[in-house]
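Undergrad: got a predicted structure here, sequence first:
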Amino acid sequence: MSRVIVVTGAGGPAGRAVAGKFAELGDTVIGVDKSGAEGCLAVDLLDRDAVRGLAGRVRAEHGRVDGVVHLVGGWRGSKTFADTSLDDWDLLHDLLIRTLQNVSLEFEPLLRASGNGRFAIVSARAAQKPTQGGAAYAAAKAAAEAWTLSLADALKDTSSAAVVLVVNALVHDEMKAANPDKPYRSFTDVKDLAAAVAGLWDEEPAAVNGRRIDLTP
């Protein structure tokens with residue numbers, strides 16, 4: 001039976017790769033992107049009521065959710081710690097934390113009811129090893145990890161799991177074409193990310209719940 005997978009941030013390179021992978025596997029994919037990119041539902045994930053409406057729509061139209069892959073991202077940084085802008089923190093808080101909070105809180109009941117559900121985010125090594133110029137970004141990623149691991153604790157007695165996938169940075173074909181001489185050695189290709197996300201269903205929920213899975217080369 002095909003799965004029902006919600007992909008947030010589906011209009012970006014990682015989102016397109018993940019959504020495409022699940023579609024290739026025959027699953028029903030519900031892509032969500034604020035921009036209303038082609039094939040995506042236009043939902044502002046900073047609006048809790050809008051996210052609640054999205055969860056209700058998915059429940060009404062499909063009866064269940066088997067996976068939520070949250071791929072809303074962003075990056076801001078500075079040259080030095082003292083140059084850090086708290087405006088950057090405000091932006092990253094909204095993108096990396098608030099959208100995650102809204103999506104996870106509204107979809108947790110559907111994941112709890114799933115017979116084999118997964119919730120996944122992509123984090124960065126910077127969360128564990130921040131640099132002075134990346135304070136806001138690293139702190140936001142660390143908070144997102146903590147929030148997701150709290151969801152994992154909530155799901156520990158269910159048939160679902162919450163997982164953190166860790167990369168250094170992501171690369172896609174357009175980046176490679178624009179910089180053909182750059183090796184991107186420490187980057188994870190979005191196609192490999194998509195395969196790793198799909199592979200989360202290859203193990204029992206308890207085996208992946210609460211794990212930080214490192215995908216860096």
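TA: Ah, there it is. Numbers count the residues shown, from 1 in each chain.

Undergrad: let me see the ranges of the strands in the chain.
TA: 4-8, 28-32, 40-41, 67-70, 118-124, 161-167, 170-171, 188-189, 212-214 (DSSP state E).

Undergrad: output those strands as JSON lines; include the columns distance to residue 91 and mean pLDDT.
TA: All C-beta atoms are positioned from the backbone trio N, CA, C, and that covers glycine. Formatted as JSON lines, the strands of the chain follow (distance: least, CB to CB, whole Å; pLDDT from 0 to 100):
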{"stretch": "strand 4-8", "distance to residue 91": "17", "mean pLDDT": "98"}
{"stretch": "strand 28-32", "distance to residue 91": "20", "mean pLDDT": "98"}
{"stretch": "strand 40-41", "distance to residue 91": "22", "mean pLDDT": "96"}
{"stretch": "strand 67-70", "distance to residue 91": "17", "mean pLDDT": "98"}
{"stretch": "strand 118-124", "distance to residue 91": "16", "mean pLDDT": "98"}
{"stretch": "strand 161-167", "distance to residue 91": "20", "mean pLDDT": "98"}
{"stretch": "strand 170-171", "distance to residue 91": "19", "mean pLDDT": "96"}
{"stretch": "strand 188-189", "distance to residue 91": "24", "mean pLDDT": "97"}
{"stretch": "strand 212-214", "distance to residue 91": "25", "mean pLDDT": "98"}
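
Undergrad: so what's the backbone phi/psi at the residue of the chain positioned farthest from its centre?
TA: Computed with CA atoms, centre = their mean, the residue of the chain farthest from its C-alpha average is residue 82, at 29.8 Å. Main-chain torsions, residue 82, degrees, to the nearest 10: phi -70, psi -20.

Undergrad: for it, give its distance to residue 143.
TA: When CB to CB, to the nearest Å is the yardstick, residue 82 and residue 143 sit 22 Å from each other.

Undergrad: ok, and the closest non-adjacent residue to residue 115?
TA: Nearest residue to residue 115, sequence neighbours excluded (CB to CB, 6 or more residues apart in numbering): residue 159, at 5.3 Å.
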